[in-house]
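Enquirer: Below are the sequence and a predicted model for it; my questions follow.
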Amino acid sequence: VASLQPVRGTRDLLAEDCRKFRYISQTAAQIAQLYGFEEIETPVLEPAAVFLRTLGDTSDVVTKQMYIFADRGGDELVLRPEGTAGVARAFINEGMAQNVPVKLYYNGPMFRYERPQKGRYRQFYQFGVEILGVEKPQADVEIIAMAEQFLKKIGLQKNVRLHLNTLGDSESRDAYRETLMKYLMSRKGDLSAESLVRLEKNPLRILDSKDEKDQAVTRDAPVFQNSLNPASKDFFDQVCAGLKEIGIEYFVDDHLVRGFDYYCHTVFEFTTTDLGSQNAVLAGGRYDGLIQSMGGPRVPGVGWAMGIDRLSLMLSEAPAAPRAIAIVPMGAETEALALKLVQRLRNAGFAADLAYSGNVGKRMKRADKIKARAALILGSDEVARGTVVLKDLDRGEQKEVSISEIETALQAL
Ligand code: ATP
Ligand code: MG
């Protein structure tokens, strides 16, 4: 029988990966709570319309990356490729507009049909935040500050740079589209085939192209700043001033756009040089038109999502699991005590391990292998005296302790 493999672009996360993933998502959740966010969990499966209507027909995700299929009942479903559209759908369905501002965070797997490589998978994991119902640039500053505090907390702040740009309001975007269009038409011959299609449908997309030919063209493209109307310029100035006020360093990147059509005003990305071309680890922006475009009320939004897979590749280690105490019975007559003791220690909150079988040598080897902190060796003579031998496996010292005082002795290690 041919061995069964995981689906291309998916992988098994083993203990060390899980520890890092958990550390990242739990730290992010703790920080989110400091900023007044509450958790939301939306389904992995959504009606296709949730994404088709919102991400944009020319986005990479919609044109070539969505896992979209008809289920057995004939409904068009999508395995969610991102978190914001699902949260926006829930916001509308649950009538949350009554309670704005609403601050939410989520955490879970996303699916995109990508070309798998290091840091790029078909099932990957995101943690993200959304603020709904705040028009003011303070919300933009707040979520960026939160991202920064999180990156600092997990020790990766020095490995990343914050890139910032504005896409302005829709009037500014229309003006920019025209200017950009003129420029791109003049360089039409240098664009990739894919971007020639984008040129007709959504030229802004070309700025986000991963094709080197396109990137050579866009390097000299006109910048957004020159097309901003006064209100949009003022909004961006306030975001920048707010970031300066609280000491957050950023780099304005005139050509930064984001992969989805729902963005306006602020867009940003934290990037790293540690991961080759998979350089974005956390990205987001403002999406004032999204809720309305999905049939909801006029409610502005701003948020970000981070790639847990990529951050975990950058983490050298995650806090280790608590080390176990190995219980080592010597001979059949102490087996019953061993079973009682392992249970007693676990009830008292110690990680404890009882090898299921084997002689003393084999059990001590297992204690080493699981990196146990200490071993409790149950010899029949000692047990008859009401004691066991406590061996400190780090220091190699051992001593006899009374059975009733084992917890106290372990605490002292
Ligand atoms: P990229 O430009 O690298 O394709 P993106 O712009 O498509 O990223 P977003 O949709 O902004 O990514 O998602 C936010 C974050 O999720 C990214 O910054 C990245 O860290 C992570 N991410 C996105 N796609 C993948 C993937 N296929 N595998 C692993 N992580 C991903
Ligand atoms: Mg992508």
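Expert: Cool, got the structure. Ligands and ions are numbered 1, 2, ... in the order given.

Enquirer: only C-alpha atoms for contact and neighbour calcs from this point on.
Expert: Fine.

Enquirer: Contacts only, for the residue lying closest to E16 once chain neighbours are set aside.
Expert: Residue nearest to E16 in three dimensions, not counting chain neighbours: A318, with 7.7 Å by CA to CA, 6 or more residues apart in numbering. Contact analysis of A318 by CA atoms under 8 Å, 6 or more residues apart in numbering lists 16, 19-20, 23.

Enquirer: Which one (most neighbours) among those?
Expert: Neighbour tally across the contacts of A318 (other CA atoms under 10 Å): the maximum, 23 neighbours, falls on K20.

Enquirer: List the contacts of that one.
Expert: By CA under 8 Å, 6+ apart, K20 lies in contact with 312, 315, 317-319.

Enquirer: Next: K152.
Expert: Contacts for K152 (CA under 8 Å, 6+ apart) come out as K158.

Enquirer: Dig out what the residue of the stretch 301-413 of the chain found nearest ligand 1 forms beta bridges with.
Expert: Using CA to the nearest ligand atom, G307 is the residue of the stretch 301-413 of the chain that sits closest to ligand 1, at 3.4 Å. Counting by DSSP bridges, G307 is bridged to Q126.

Enquirer: Please identify the residues of the stretch 1-150 of the chain in proximity to ligand 1?
Expert: For the stretch 1-150 of the chain, the residues in contact with ligand 1 (CA under 6 Å from any ligand atom) are 112, 114, 119-122, 124, 126.

Enquirer: Swap in 5 Å and give it another go.
Expert: Neighbours of ligand 1 within the stretch 1-150 of the chain, by CA under 5 Å from any ligand atom: 120-121, 124.

Enquirer: What number of residues are in the vicinity of whichever residue of the stretch 101-250 of the chain sits closest to ligand 1?
Expert: Nearest residue of the stretch 101-250 of the chain to ligand 1 (CA to the nearest ligand atom) works out as R120 at 3.4 Å. As a burial measure, R120 scores 18 neighbours (other CA under 10 Å).

Enquirer: Buried ones in the helix ranked longest in the chain, by neighbour count?
Expert: Assignment by DSSP state H gives helix 15-34 as the longest helix of the chain. Of all the residues in helix 15-34, those buried under the rule 16 or more other CA atoms under 10 Å are 17, 19-25, 27-29, 31-32.

Enquirer: and the contacts of A318, which two are the farthest apart?
Expert: Maximum pairwise distance among the contacts of A318 (CA to CA): 10.6 Å, between E16 and Y23.

Enquirer: Quick one: name whatever helix or strand follows the helix or strand of the chain with the lowest mean pLDDT.
Expert: Taking mean pLDDT, DSSP states H and E as the measure, the helix or strand of the chain with the lowest value is helix 60, at a mean of 84. Moving toward the C-terminus from helix 60, the next helix or strand (DSSP states H and E) is strand 67-70.

Enquirer: how about that next one as CSV, C-alpha atoms only?
Expert: Only the C-alpha atoms of strand 67-70 are listed here, as CSV (Å, rounded to 0.1, in the frame of the first residue of the first chain):
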residue,chain,number,x,y,z
TYR,A,67,-10.7,26.6,-2.2
ILE,A,68,-14.2,26.8,-3.7
PHE,A,69,-16.6,24.0,-4.2
ALA,A,70,-20.2,22.9,-4.3
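
Enquirer: any idea of the mean pLDDT in that strand?
Expert: Across strand 67-70, pLDDT averages out at 97.

Enquirer: Quick one: residues contacting N107.
Expert: By CA under 8 Å, 6+ apart, the residues touching N107 are 25, 41, 125-128.

Enquirer: Now it, what are its backbone angles?
Expert: Here is the backbone geometry of N107 (degrees, to the nearest 10): phi -160, psi 130.

Enquirer: and A305, how many residues sit next to it?
Expert: With other CA under 10 Å as criterion, A305 counts 24.

Enquirer: and it, what element?
Expert: Here A305 sits within strand 301-307, counting by DSSP H and E.

Enquirer: what comes into contact with stretch 349-365?
Expert: Outside stretch 349-365, the residues touching it (CA under 8 Å, 6+ apart) are 322-331, 338-339, 342, 345-346, 366, 375.

Enquirer: how does it look with 7 Å?
Expert: 322-328, 330, 342, 345-346 (CA atoms under 7 Å, 6 or more residues apart in numbering).

Enquirer: so what's the nearest residue to G128 once chain neighbours are set aside up against?
Expert: Residue nearest to G128 in three dimensions, not counting chain neighbours: A305, with 3.9 Å by CA to CA, 6+ apart. Residues near A305 by CA under 7 Å, 6+ apart: 126-129, 282-284.

Enquirer: For ChimeraX, write a command that selects the buried ones of the contacts of stretch 349-365.
Expert: Restricted to buried positions by 16+ other CA under 10 Å, the ChimeraX selection for those reads:
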select :324,325,326,327,328,330,342,345
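
Enquirer: Which ones among the contacts of stretch 349-365 map onto strands?
Expert: 325-328 (DSSP state E).

Enquirer: Adding distance to ligand 1 and pLDDT, write those residues out as TSV.
Expert: Shown next, in TSV, are those (distance: CA to the nearest ligand atom, whole Å; pLDDT from 0 to 100):
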residue	distance to ligand 1	pLDDT
I325	37	97
A326	39	96
I327	42	96
V328	44	95
